[in-house]
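Engineer: Just need the structure, nothing else, for what follows:
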Amino acid sequence: MALAGDGLLGLWFDIAPDRLDDFYEWHNREHIPERLGNAGFLSGRRFKALRAERQFMVLYETRSPDTVSGPEYMNCIRFESEWSLRHDLINNSRAIFRVLCAYGHGQGGSALSIRFTVETGREAEMRRLLAHGILPALADVPGIASARLLRIDQRAMHASANQGIQFKVEPGQEIGPDWLIVMEGNQDPEPLDSVGAAEISDELLASAGAEGRARRGLYSFQYGLTRHG
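Structural biologist: From the prediction side, this is the model:
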C-alpha cells in the first residue's frame, strides 16, 4: 500500500521523562484524534526510537502538502486546548513533505527514517537514483513492507508562515533536512536495519549529491489512527 495521499507532516522530537505518561495520554486521546478530525488528514502514526537521535517520530499522511497550510488546520493550531499547551516537544524537527514516490503493499511494525540534504543542482540526479534505481527493488525484499521518498514542500511551508504559523518557533526546533526516505518493515527491525545500511549507505547518497552524513533513525510502531470516509 502506498502512502494514502501526496503529503506528509513529519515530526521528530523528544519528551522529558517526567512528562511521558501524560504525553501518551494526551497524544493518544486528544492530539492525534484532533489532527485526524481536520479535512485532508488521512492517518497519524507514532513511532518510538530503537536507535535514533530523537525519541519519537510522528507521521501524518495528508491528501496534499497544502492540507497542513489549509484554513481548518491553521484554525486548529491557533486554538489549542489547555492540555495541548502543557506539552513541549523538545529538540523538535518538523516539516511538510511532498511524496515523490512510494512502493510497497502495507504498513509495518518498524520504520527506518533517513533524512539528508542534497547539493543544489543535483536534485534530479538524487531522485532518479532513489525513485528509479534503489527503492522499487527494496520494496520487494523479504521483511520490507514499503519504501518511500519525500522532499520538503517549500510552498506549503511558506504558506504556513504567511498565515502566522511559523514552523521554527520553539527553542531547539529545526526545519530539515530537505529529503526523507521512510521504509517500513516487520515487527522485527533487523531486516529493515540491515537493508537500509547496505543499500542506502551514506556513500551511495553522496554519489548522487548528498551533503554530509544522513540522519538515520530506527523506530518501532506505537500508536496510530486512520480516517475512514
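
Engineer: Check which strands are paired with whichever strand in the chain runs longest and give the direction for each one.
Structural biologist: In the chain, assigned by DSSP state E, the strand with the most residues is strand 210-226. The strands beside strand 210-226 in its sheet (DSSP bridges) come out as strand 41-51 (antiparallel), strand 110-118 (antiparallel).

Engineer: right, and those strands - which one's nearest Trp12?
Structural biologist: strand 110-118 (7.2 Å; C-beta to C-beta). C-beta: built from backbone N, CA, C; applies to glycine.

Engineer: Just the buried residues of the following helix or strand past the closest one, please?
Structural biologist: Counting by DSSP states H and E, the next helix or strand C-terminal to strand 110-118 is helix 123-128. Residues Met126, Arg127 are the ones in helix 123-128 that count as buried (16 or more other C-beta atoms under 10 Å).

Engineer: Pull the residues that contact helix 123-128.
Structural biologist: Leu100, Val118, Leu149, Arg151, Trp179, Leu205, Ala208, Gly209, Ala210 (C-beta atoms under 8 Å, 6 or more residues apart in numbering).

Engineer: can you put the strands paired with strand 210-226 in a markdown table and add mean pLDDT and distance to Ser81?
Structural biologist: Formatted as a markdown table, these follow (pLDDT from 0 to 100; distance: least, C-beta to C-beta, whole Å):
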| stretch | mean pLDDT | distance to Ser81 |
| --- | --- | --- |
| strand 41-51 | 97 | 17 |
| strand 110-118 | 97 | 28 |
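
Engineer: any idea which of those is most buried?
Structural biologist: strand 110-118 (a mean of 22; mean count of other C-beta atoms under 10 Å).

Engineer: mind exporting that strand as PDB, just the C-alpha atoms?
Structural biologist: Presented in PDB, the C-alpha positions along strand 110-118 are these (Å, rounded to 0.1, in the frame of the first residue of the first chain):
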ATOM      1  CA  SER A 110       9.200  -1.000  12.400                       C
ATOM      2  CA  ALA A 111      10.300   2.100  10.400                       C
ATOM      3  CA  LEU A 112      13.600   3.500   9.200                       C
ATOM      4  CA  SER A 113      13.900   7.300   8.700                       C
ATOM      5  CA  ILE A 114      16.700   8.600   6.600                       C
ATOM      6  CA  ARG A 115      17.000  12.400   6.300                       C
ATOM      7  CA  PHE A 116      19.600  14.200   4.200                       C
ATOM      8  CA  THR A 117      20.400  17.300   2.200                       C
ATOM      9  CA  VAL A 118      21.300  17.400  -1.500                       C
END
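
Engineer: Distance of Asp188 relative to Ser194?
Structural biologist: 11 Å (C-beta to C-beta, to the nearest Å).

Engineer: Kindly report the same for Glu53.
Structural biologist: As judged by C-beta to C-beta, Glu53 and Ser194 stand 20 Å apart.
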